[in-house]
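>>> structural data only, the sequence is not supplied:
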């Protein structure tokens with residue numbers, strides 16, 4: 001009986017174990033089947049649509065997983081629901097993360113191959129620009145958790161990019177550096193930007209011009225040369241960008257930045273004339289390279305001065321070939337070809353013609369450059385400002401409305417604009433890009449002036465930010481506001497110069513053709529001025545190795561003219577960003593030197609005004 005019971009128990013146990021194993025086997029098979037089903041995998045198909053830059057295309061093909069899927073692209077302009085991403089930079093790495101409805105996800109990196117020369121050049125400069133931007137445009141305040149850069153709407157909700165990333169504002173360190181310098185010099189120099197304004201007009205009229213003073217150009221010619229390098233696309237495109245991003249309120253802060261920048265310009269130009277070199281033939285070399293090296297040496301900071309001077313010289317050469325050259329020829333041809341589409345394939349020929357015209361002027365030196373700019377700058381002002389003035393007069397009854405929009409936008413902006421700090425930074429940043437106050441470039445042109453009084457040229461130079469930013473930028477802003485193109489729906493799809501052109505065109509249908517001509521003049525005048533800036537940096541670096549002045553000038557001019565052709569026949573992309581970074585980076589060594597040397601500028605300024613008041617400095621007209 002016991003044996004029988006034991007046998008039954010064994011059989012029963014065996015049946016239970018077999019059933020359990022069968023159940024486990026079925027469960028395991030189900031798990032495997034489910035795992036296979038949820039084993040999310042993706043393929044990415046890449047295509048390079050044309051030989052132009054930033055038109056790469058990627059499409060995700062999802063395998064397995066449960067629909068619907070979300071697509072998190074590193075390209076911020078691609079929607080979370082889209083399985084395709086366009087306008088990708090060739091040669092740059094991107095990522096996409098696909099998530100299914102069961103929250104399974106997979107991430108893959110990809111790169112659209114760079115094929116054309118333009119794409120390969122852009123791919124080469126892109127990582128360099130990324131590194132430079134992390135330094136030049138670094139937001140140290142956010143890094144130190146001094147403020148929350150995330151942008152919220154009026155209800156406190158975070159605003160996102162199409163790809164789901166939160167939108168954030170930024171306070172670039174270089175802009176803060178320029179603003180700190182401008183405020184410091186304004187206070188240190190006793191608000192010379194206002195006190196010296198009347199006297200600057202007298203100087204331009206030539207009332208204090210001594211024909212026996214050393215130098216190569218007059219006060220007006222030096223001002224025209226420096227203005228020709230700053231008045232240009234920054235006024236046309238920069239203002240439009242500022243208003244698009246920051247609203248009408250950005251205009252107010254651009255004007256404030258312009259007024260403060262007058263003091264920075266005064267300080268750097270004064271030092272540029274004071275520490276310039278004049279050789280036996282009367283040829284002048286000046287600018288930050290010289291006052292950084294010689295001025296800091298006087299303060300027992302010779303090593304620091306040499307380092308800062310060399311850094312500045314390298315950056316000014318980079319800026320002259322990029323922002324002062326390739327960008328100008330590129331934009332001039334782009335505007336011309338937009339009105340005459342048939343010439344689009346012939347950018348190189350346009351570049352050759354432009355290089356020939358520029359070469360005729362710059363080979364003659366600063367005197368030749370000054371003779372051209374003193375004619376072009378007033379003509380540009382009449383052409384562009386005159387048209388803007390007509391539109392403003394036509395809408396004069398709406399002036400109160402426009403200024404109310406500007407004022408309210410400056411102090412009570414929409415949350416999406418980043419609040420008052422966001423709008424302020426946008427305004428200051430665009431003004432800095434436009435007038436270059438504190439960057440040091442203008443002091444190179446002003447160094448060639450005929451004067452034995454460095455302070456007098458500093459006072460002349462403070463007019464530059466006033467004309468460039470306070471007058472011309474404000475007039476551009478008023479035209480955009482009057483015509484309604486500050487509204488998001490009207491500005492949709494328009495950027496920079498295109499938006500400004502549309503604003504003017506809404507009143508005058510023929511304006512795009514006038515703008516094409518104006519941009520050509522702006523580009524031409526900017527190139528001839530920046531060629532002089534770059535030449536001075538080139539001579540400073542290589543003059544000790546190449547003794548023959550004509551040889552060193554011809555080498556630089558040959559390089560400069562070749563870059564004009566490259567600029568007009570290429571899609572520049574990251575190259576332009578690199579050159580912008582180079583120009584902005586000039587502010588770091590320059591402002592540091594100005595802060596150290598500001599005491600002697602203040603001392604010289606007091607002496608100068610004292611002698612003006614006493615009559616020791618006499619009028620000649």
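Good, I have the coordinates. Quick caveat, the model's predicted, so the values are computed rather than measured.
>>> could you look up the SS state of residue 60?
Of the three states, residue 60 takes strand under DSSP: H, G, I helix; E, B strand; the rest coil.
>>> which strands and helices sit next to whichever helix or strand residue 175 is part of?
When elements are defined using DSSP states H and E, residue 175 is found to belong to helix 173-188. For helix 173-188, the elements it packs on are helix 249-274, helix 419-435, helix 587-614, judged by 3 or more CB pairs under 8 Å, 6 or more residues apart in numbering; DSSP states H and E. For the C-beta atoms, the positions are set from N, CA and C on the backbone; glycine is no exception.
>>> for these, which one sits closest to residue 445?
Taking CB to CB, helix 249-274 is the member of the helices and strands packed on helix 173-188 nearest to residue 445, at 8.7 Å.
>>> surely residue 339 and residue 511 touch.
No. Using CB atoms under 8 Å, residue 339 is not in contact with residue 511; the gap is 11.2 Å.
>>> ok, the two, which is more surrounded?
Remark: of residue 339 and residue 511, residue 511 carries more neighbours, 19 against 11, as counted by other CB atoms under 10 Å.
>>> the more buried one touches residue 387, doesn't it?
Yes. With contact defined as CB under 8 Å, residue 511 and residue 387 form a contacting pair (6.7 Å).
>>> other SSEs contacting the very next helix or strand once past the helix holding residue 175?
Counting by DSSP H and E, the element after helix 173-188 in chain order, helix or strand, is helix 192-195. Under the contact criterion of 3+ CB pairs under 8 Å, 6+ apart, helix 192-195 touches helix 249-274.
>>> just want the angle from the helix it packs on to helix 173-188.
Interaxial angle, helix 249-274 versus helix 173-188 (axes from the mean of the first three to the mean of the last three CA atoms, to 10 degrees): 70 degrees.
>>> could you list the residues in contact with the helix or strand containing residue 355?
Using DSSP H and E, residue 355 sits in helix 347-362. Where contact means CB atoms under 8 Å, 6 or more residues apart in numbering, the residues beyond helix 347-362 that reach it are 329, 332-333, 336-337, 343, 368-369, 372, 523-524, 527-528, 531-532, 557, 560-562, 564-570.
>>> surely residue 330 and residue 568 touch.
Yes. With contacts counted by CB under 8 Å, residue 330 reaches residue 568, the gap being 6.0 Å.
>>> the more surrounded of the two?
Neighbour count, other CB under 10 Å: between residue 330 and residue 568, residue 568 has more, with 28 against 23.
>>> list the contacts for the more buried one?
By CB under 8 Å, 6+ apart, the residues touching residue 568 are 329-330, 332-333, 347-348, 350-351, 354.
>>> neighbour-wise, which one of those leads?
Counting neighbours by other CB under 10 Å, residue 329 comes out on top of these with 29 neighbours.
>>> would you single out the least confident of the helices and strands packed on helix 173-188?
Note on the helices and strands packed on helix 173-188: lowest mean pLDDT is at helix 419-435, with a mean of 73.
>>> what's the offset of stretch 519-531 from the middle of its chain?
Taking CA atoms, centre = their mean, to the nearest Å, one finds the center of stretch 519-531 at 17 Å from the center of the full chain.
>>> no no, stretch 530-540
21 Å.
>>> got the angle for the helix or strand residue 517 falls within vs helix 347-362?
Element membership of residue 517, judged by DSSP H and E, is helix 511-542. Interaxial angle, helix 511-542 versus helix 347-362 (the same axes, to 10 degrees): 60 degrees.
>>> which SSE is immediately downstream of helix 511-542?
Remark: after helix 511-542, the chain's next helix or strand is helix 549-568, criterion DSSP H and E.
>>> could you give the mean pLDDT of that following helix?
Helix 549-568 comes out at a mean pLDDT of 86.
>>> quick one: that helix to chain centroid distance?
24 Å.
>>> for that helix, buried residues please.
Neighbour counts over helix 549-568 (16 or more other CB atoms under 10 Å) mark 552-553, 556-557, 560-561, 563-568 as buried.
>>> go on, stretch 160-172?
161, 163, 167-172.
>>> tell me where the stretch 1-150 of the chain has helices.
Under the criterion DSSP state H, counting those that start in this stretch, the stretch 1-150 of the chain contains helices at 2-38, 117-136, 140-143.
>>> could you find the closest non-adjacent residue to residue 379?
Closest residue to residue 379 apart from its sequence neighbours, by CB to CB, 6 or more residues apart in numbering: residue 521 at 7.2 Å.
>>> how near is residue 581 to residue 329?
Residue 581 sits at a distance of 19 Å from residue 329 (criterion: CB to CB, to the nearest Å).
>>> quick one: low-confidence parts of the stretch 151-300 of the chain?
Along the stretch 151-300 of the chain, segments meeting pLDDT under 70 span 154, 208-217, 225-235, 237.
>>> how does the protein divide into domains?
41-117, 173-610 (automatic domain parsing).
>>> which residues do residue 511 and residue 387 both contact?
Shared contacts of residue 511 and residue 387, defined by CB under 8 Å, 6+ apart, are found at residue 504.
>>> what number of residues are in the vicinity of residue 503?
Neighbour count of residue 503, defined by other CB under 10 Å: 27.
>>> buried residues in stretch 291-306?
By 16+ other CB under 10 Å, the buried positions in stretch 291-306 come out as 291-296, 301, 304-305.
>>> to clarify, my last question referred to stretch 275-283.
Buried residues in stretch 275-283, counted by 16+ other CB under 10 Å: 275-276.
>>> before we move on, what about stretch 134-143?
Those would be 136-139, 142, for stretch 134-143 by 16+ other CB under 10 Å.
>>> okay, those in JSON lines with distance to residue 538 and pLDDT next?
Listed next are the buried residues of stretch 134-143 as JSON lines, based on distance: CB to CB, whole Å; pLDDT from 0 to 100:
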{"residue": "136", "distance to residue 538": "23", "pLDDT": "77"}
{"residue": "137", "distance to residue 538": "27", "pLDDT": "77"}
{"residue": "138", "distance to residue 538": "29", "pLDDT": "81"}
{"residue": "139", "distance to residue 538": "34", "pLDDT": "81"}
{"residue": "142", "distance to residue 538": "38", "pLDDT": "81"}
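>>> residue 442: which of the residues you listed is nearest?
Residue 442 has its nearest neighbour among the buried residues of stretch 134-143 in residue 136, at 19.8 Å by CB to CB.
>>> give me every residue that touches the closest one.
Listed by CB under 8 Å, 6+ apart, the contact set of residue 136 reads 172-174, 581, 584-585.
>>> reformat these as TSV; add distance to residue 81.
Formatted as TSV, those follow (distance: CB to CB, whole Å):
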residue	distance to residue 81
172	33
173	37
174	37
581	35
584	38
585	40
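>>> among the residues you listed, which one has the most neighbours?
Counting neighbours by other CB under 10 Å, residue 584 leads those with 27 neighbours.
>>> OK, contacts around it?
Residues in contact with residue 584 (CB under 8 Å, 6+ apart) are 136, 174, 432-433, 439.
>>> doesn't it belong to a strand?
No. Read with three-state DSSP, residue 584 is helix and lies in no strand.
>>> what's the burial count for residue 545?
For residue 545, the neighbour count with other CB under 10 Å is 7.
>>> try residue 392
18.
>>> pLDDT value on it, please?
Looking at residue 392, its pLDDT reads 86.
>>> for it, helix, strand, or coil?
Secondary structure state of residue 392, per three-state DSSP, is helix.
>>> hang on, isn't residue 315 packed against residue 587?
No. Applying CB under 8 Å, one finds residue 315 not in contact with residue 587, separated by 9.4 Å.
>>> picking up where we left off before, now render the domains of the chain as a markdown table, adding distance to residue 153.
Formatted as a markdown table, the domains of the chain follow (distance: least, CB to CB, whole Å):
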| stretch | distance to residue 153 |
| --- | --- |
| domain 41-117 | 18 |
| domain 173-610 | 5 |
